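Asks: kindly return the folded structure for what I paste below:
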Amino acid sequence: MAKAQTGKPQGRWRMFHDKFVVEERFMSAQGRRNLYRIAGGLMIAGVVLFVMLLVAVIQKDGISAVDEPVRLWLLTLRGDPTTLIMIILAIVFGPIGLPIIVLIVTVAWGLLAKHAWRPMLLAGAMLTGVILAQVIGRTVERHRPPLDLMLFGADSTFSFPSGHVLGACDFLLVTTYLVFSRRKNPRTAVIAFIVAGIGIFFAAISRLYLGYHWLTDALAAFSISLVVLGGVIAVDTWRTARIPGEQITGTLSAADASQD
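Replies: Next up, the predicted model:
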């Protein structure tokens, strides 16, 4: 009787452990090192690009010089059918549409998948992006393009970086990595990232077209997302990537498992 009672908490821990803690994938030591290199490269590239953009925006020179010409060029492309498409994209990737999509994806994925590690990682990445956008925006305090030329209601909040674009980048890039990093065929991953890149492009161009952001705002959002993606790859690799024969930290011993 005592043995059965002591087995209950271990059984509950085992269920929790299997669902939320353990997700292993086996690869060579070289493959794991390559993932860490990719993660580090993405984070370094993102930081360097962001710093370059930040300096240009603060000093109002460098690459920020293209902001006004790009804005004026997009004004010449405005038309009713295009505007409708851009508004739909802005709603999908906006502060109402995207959180609903993320909630549905993470909850459904977490319930249906054997392990909830990846949807939890996606949710953490999205939350990180939101926090970074708010902190950086309130620190830099960059003003948006003219309010009277915005096509979907006035917005007087800070412009740098674009929260819409950052959310789209985080969701598309991180989801693509988390889904296709488990596939053995690298070609499908390449195709998936190309599709994600197309989605990011349209999310960014919609914000510029509708008059809510400068080009450098969108580029800054993309640079931050590279850092977030690199962090996700590093954490995911550390937590799940195993060399054959290596055990994940925190797994139950054979004696514990035999009691469940």
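Asks: just say helix, strand or coil for residue 144.
Replies: Judged by DSSP: H, G, I helix; E, B strand; the rest coil, the three-state class of residue 144 is coil.
Asks: to clarify, my last question referred to residue 52.
Replies: Strictly by three-state DSSP, residue 52 counts as helix.
Asks: right, and it touches residue 63 too?
Replies: Yes. Applying Cβ atoms under 8 Å as the test, residue 52 and residue 63 come out as touching, 7.1 Å apart. For the C-beta atoms, the positions are set from N, CA and C on the backbone; glycine is no exception.
Asks: intersection of neighbour lists for those two?
Replies: By Cβ atoms under 8 Å, 6 or more residues apart in numbering, residue 52 and residue 63 have no common neighbours.
Asks: quick one: contacts for the nearest residue to residue 150 once chain neighbours are set aside?
Replies: Closest residue to residue 150 in three dimensions, ignoring its sequence neighbours and counting by Cβ to Cβ, 6 or more residues apart in numbering: residue 211, at 4.4 Å. Residues in contact with residue 211, defined by Cβ under 8 Å, 6+ apart, are 71, 145, 146, 149, 150, 151.
Asks: how about 6 Å then?
Replies: 145, 149, 150, 151 (Cβ atoms under 6 Å, 6 or more residues apart in numbering).
Asks: ok, how many other residues are close to the third one?
Replies: Neighbour count of residue 150, defined by other Cβ atoms under 10 Å: 15.
Asks: likewise the first one?
Replies: Under the neighbour criterion other Cβ under 10 Å, residue 145 is assigned a count of 21.
Asks: tell me the phi and psi of the residue lying closest to it once chain neighbours are set aside?
Replies: The shortest distance from residue 145 to any residue other than its chain neighbours is 5.3 Å, reached at residue 211 (Cβ to Cβ, 6+ apart). As for residue 211, its main-chain torsions (degrees, to the nearest 10) stand at phi 90, psi 20.
Asks: any idea how far residue 220 is from residue 62?
Replies: Residue 62 is 13 Å from residue 220, where distance means Cβ to Cβ, to the nearest Å.
Asks: so for these two, which sits in the more crowded spot?
Replies: residue 220 (30 against 13).
Asks: give me the nearest residue to that one, chain neighbours excluded.
Replies: Spatially, and ignoring its direct neighbours in sequence, residue 220 is nearest to residue 161 (3.8 Å; Cβ to Cβ, 6+ apart).
Asks: the residue minimising distance to the centre of the chain sits in which helix or strand?
Replies: Centrality entry for the chain: nearest residue to the mean C-alpha point is residue 170, 1.9 Å, by Cα atoms, centre = their mean. Element membership of residue 170 [criterion: DSSP states H and E] is helix 163-180.
Asks: what's the helix or strand following that helix packed up against?
Replies: Counting by DSSP H and E, the next helix or strand C-terminal to helix 163-180 is helix 186-209. Using 3 or more Cβ pairs under 6 Å, 6 or more residues apart in numbering; DSSP states H and E as the contact definition, the elements that helix 186-209 packs against are helix 80-92, helix 163-180.
Asks: what comes up buried for the first one?
Replies: Residues of helix 80-92 classed as buried: 83, 86, 87, 89, 90, 92 (neighbour count, 16 or more other Cβ atoms under 10 Å).
Asks: contacts for it, please.
Replies: Taking contacts as Cβ under 6 Å, 6+ apart, the residues outside helix 80-92 that touch it are 97, 151, 152, 202, 206, 209, 210.
Asks: could you give the angle of the helix or strand just after that helix to helix 80-92?
Replies: On the C-terminal side of helix 80-92, the nearest following helix or strand under DSSP H and E is helix 97-112. With axes from the mean of the first three to the mean of the last three Cα atoms, to 10 degrees as the criterion, the two stretches helix 97-112 and helix 80-92 enclose an angle of 50 degrees.
Asks: following element in sequence after helix 97-112, please.
Replies: Tracing the chain C-terminally past helix 97-112 and defining elements by DSSP H and E, one meets helix 117-140 next.
Asks: appreciated, that's everything.
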